[in-house]
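Colleague: How does the following fold in three dimensions:
(one chain, ligands or ions: 2)
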Amino acid sequence: MIVTDPHEATDVIASGSLCAIPTETVYGLAADASNPDSVAHVFAAKGRPTNHPLIVHVASLDEAMLWIRELPQWAIDLARVCWPGPLTLVGPRTTRATDHITGGQDTVAVRVPAHSLTLKMLNELSLRDIHGVVAPSANRFGHVSPTSAQHVAADLGDYLTAHDGAILDGGPCDVGVESTIVLATGDQPVILRPGGITRKTITDITGLPVAEQGTDAPRVSGALASHYSPKASVQLINAEIVASLTTGGLIAFREISTPVGVTRLAAPTTIEEFANSLYAALRSADEQHLDVIYVVTPQDEGLAEAVRDRLGRAAY
Ligand code: TXA
Ligand code: MG
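Modeller: Ligands and ions are numbered 1, 2, ... in the order given. Have a look, this model is predicted:
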């Protein structure tokens, strides 16, 4: 079921089955976006409510415009610089973006992922007249997102095996947290979900302030209060209290030492390492049957915003 050749992934998707794919953020569970039956399988495999919209993954900005009707110039600038990369643009949909994908909304979310195997697959699919795959994170609904093929197999292996699916193994994910979702329907960027592209990068490229999410903004399922959750309880703590811990798991920057009795789950030295080791650390706590995971929350701006967002939801 685990394959390493993108041609095999292309065949699986073209046949209408599901294939988990590597991206720079997390693994996605991909299906032919133009095949409603395949898209329906994605919801079934994840146990995801069908009104939660999916991101369409495409090979290029040109292909993105098959799904999005129009983009303001600032969003085109953003796409030109950031794609392939951890940016998702939400724009007005074309007729190609059916209700199965958008959950009935009149907007659609699209991105070009930065992973060589997945880009090969997307380009091959294009030649076979399949111009995009939907791909939510390849975990059971509400669980921690997968950053390796093994994580996908743990959550969805049985379903994929039973339904002629596959996992394209592209190694561990670089970024480790999901893409930044930007609403691109107005004069200014609006971040709907913080992620791998920082607020500062968006401002630097567009020259525009980045607005907060409005109350009438479209749904983002990753924005559910409780999400990205391991079985263990996640507790966010300050560095000062680490020394008093006697049990449980610990995720913190390396400079913070591990007290006796505590299981160190990750000891990153940079915020990039923090992000790309976080989900594996949460999963490993469950494998080791720990009841509680203590996390010393990173306080900076930039990628730390996405890390804090996910930790807040995991802890909820
Ligand atoms: O990094 C990522 O974005 C990963 C990889 C696999 O590409 N994908 C991912 O997909 O995180 P998922 O389904 O777990 O989260 C996508 C989010 C959902 O929360 C969904 O609600 C939101 O995108 N979304 C999709 N279409 C939308 C729309 N039209 N308006 C607002 N949000 C939308
Ligand atoms: Mg997800």
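Colleague: Tell me where the stretch 101-250 of the chain has helices.
Modeller: Along the stretch 101-250 of the chain, the segments classed as helices by DSSP state H, counting those that start in this stretch run 116-127, 149-162, 199-206.
Colleague: Nearest to ligand 1, out of those helices?
Modeller: Ligand 1 sits nearest to helix 116-127 of all these, at 9.3 Å, using CB to the nearest ligand atom. To be clear about C-beta, it is placed using only N, CA and C from the backbone, and glycine gets the same treatment.
Colleague: From the chain's centroid, how far away is that closest one?
Modeller: Helix 116-127 has its C-alpha centroid displaced from the chain centroid by 19 Å (CA atoms, centre = their mean, to the nearest Å).
Colleague: and what of stretch 48-60?
Modeller: On CA atoms, centre = their mean, the centre of stretch 48-60 falls 11 Å from the chain's centre.
Colleague: same thing with stretch 62-69?
Modeller: On the basis of CA atoms, centre = their mean, stretch 62-69 sits 21 Å off its chain's mean C-alpha point.
Colleague: go on, stretch 197-206?
Modeller: Using CA atoms, centre = their mean, the offset of stretch 197-206 from its chain centre is 19 Å.
Colleague: hang on, the earlier thing: JSON lines for the helices of the stretch 101-250 of the chain, including mean pLDDT and mean neighbour count?
Modeller: Shown next, in JSON lines, are the helices of the stretch 101-250 of the chain (pLDDT from 0 to 100; neighbours: other CB atoms under 10 Å):
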{"stretch": "helix 116-127", "mean pLDDT": "98", "mean neighbour count": "20"}
{"stretch": "helix 149-162", "mean pLDDT": "98", "mean neighbour count": "19"}
{"stretch": "helix 199-206", "mean pLDDT": "98", "mean neighbour count": "16"}
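Colleague: Of those helices, which is nearest Q105?
Modeller: Nearest to Q105 among the helices of the stretch 101-250 of the chain is helix 199-206 (22.3 Å), distances taken as CB to CB.
Colleague: that older thread, dump the helices of the stretch 101-250 of the chain into a markdown table; add distance to ligand 1 as well.
Modeller: Below are those laid out as a markdown table (distance: least, CB to the nearest ligand atom, whole Å):
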| stretch | distance to ligand 1 |
| --- | --- |
| helix 116-127 | 9 |
| helix 149-162 | 11 |
| helix 199-206 | 16 |
